[in-house]
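Asker: Mind folding the following:
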Amino acid sequence: MRNLILLILLFIVSPKLNVAQTKIHSHNDYEQKRPFLEAYEFKVDQLEADVFLVGDSLIVAHTKKQINSANTLNKIYLDPIAVFFKQYKNRVSIEKKYTFNLMIDVKENWNLVFPVLKKEIEKYGEVFNSSKSKYAIKIVISGNRPVDSLYHTFPSWVYFDGLPNISYAPEDFKRVTMISDNFANYSKWKGVGEIPVADKEKLLSAVKQANAQHRYFRFWGAPDTKDSWKQLNELGRVIINTDKISESKTYFNNK
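Answerer: Take a look at the predicted model:
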């Protein structure tokens, strides 16, 4: 009878734990057919925008060759977010507790980009400042970043994508929202079947280290398949890096 009760409890509790742990990161979100809006409608946890500095504007693009001066960070992300934030009165959605991170992957010199980014973000007031509004959109910097010992010196709305195996000072680590690394540093697995045992141990070690510091882990460049989503999610608190927003959200919602 005792074993039966334990099995029932595991059946009831485990799925809830898995759902709670699963976060979705819209990789290169600007390359979606409907940038921002699809991710927003599916309530992803994080959106990624690569930016280049062109004159005094931040342009969203994957490479310099793809730069289109019309695709500004403001037009694709900041302005639409601000509209929703105003519409729902200091929240971004009718779902009161929903918010997300906007990851800005800096492709240029940080020292040149940040003054422009600061000027643009601060135009929107509390929309991107979680110290002023509980459901503000959190700005997370990736790509070219300042040295980690300076993280704490930036305005309160600035957060950073962390790296594994770095001994951050406590005051700087408070600005680190998650730990990210290239999947290829751990495995060459293509996302079909099972991850090789040795590779899984490497992945698990990285996730455990981040989780012990109360941070999620994101493997960018990981295979974007259901087998991969399933096995990465089973490692612990991970952020699923995906180009397949609808498929991944549907997959985890049905788990």
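Asker: Let me see the ranges of the helices in the stretch 151-255 of the chain.
Answerer: Counting by DSSP state H, counting those that start in this stretch, the stretch 151-255 of the chain has helices at residues 170-173, 197-212, 226-233, 245-253.
Asker: tell me the most buried of the ones you listed?
Answerer: helix 226-233 (a mean of 19; mean count of other CB atoms under 10 Å). C-beta: built from backbone N, CA, C; applies to glycine.
Asker: ok, back up a step: put together CSV for the helices of the stretch 151-255 of the chain, with distance to N109 and mean pLDDT on each row.
Answerer: Formatted as CSV, the helices of the stretch 151-255 of the chain follow (distance: least, CB to CB, whole Å; pLDDT from 0 to 100):
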stretch, distance to N109, mean pLDDT
helix 170-173, 21, 98
helix 197-212, 28, 98
helix 226-233, 33, 97
helix 245-253, 31, 96
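Asker: Would you mind telling me which of these is nearest K43?
Answerer: Each of the helices of the stretch 151-255 of the chain has some distance to K43 by CB to CB; the shortest is helix 245-253, at 7.5 Å.
Asker: I'd like to know which elements the closest one is packed against.
Answerer: Here helix 245-253 touches strand 23-26, helix 37-41, helix 226-233, strand 238-242, going by 3 or more CB pairs under 8 Å, 6 or more residues apart in numbering; DSSP states H and E.
Asker: about what we covered before: can you redo the helices of the stretch 151-255 of the chain as TSV with distance to Q46?
Answerer: Formatted as TSV, these follow (distance: least, CB to CB, whole Å):
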stretch	distance to Q46
helix 170-173	19
helix 197-212	15
helix 226-233	15
helix 245-253	11
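Asker: remind me, longest strand of the chain?
Answerer: strand 46-54 (DSSP state E).
Asker: Describe which strands that one pairs with in its sheet and in which direction.
Answerer: strand 23-26 (parallel), strand 57-60 (antiparallel), strand 101-106 (parallel) (DSSP bridges).
Asker: of all those, which lies closest to I245?
Answerer: strand 23-26 (5.6 Å).
Asker: List the contacts of that closest one.
Answerer: Residues from elsewhere that reach strand 23-26 (CB atoms under 8 Å, 6 or more residues apart in numbering): 32, 38-39, 42, 44-48, 103, 216, 218, 238-243, 245, 248-249, 252.
Asker: Over to stretch 203-216?
Answerer: For stretch 203-216, contacts defined as CB under 8 Å, 6+ apart pick out 23, 162, 164, 173, 176-179, 181, 186-187, 195, 217, 219, 232, 235-239.
Asker: Any chance of a ChimeraX selection covering the buried ones in those?
Answerer: Listed next is the ChimeraX selection for buried residues among the contacts of stretch 203-216, using 16 or more other CB atoms under 10 Å:
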select :23,162,173,176,177,178,179,181,186,187,195,217,219,232,235,236,237,238,239
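Asker: In strands, which of the contacts of stretch 203-216 appear?
Answerer: Using DSSP E, the members of the contacts of stretch 203-216 that fall in strands are 23, 162, 176-179, 181, 217, 219, 238-239.
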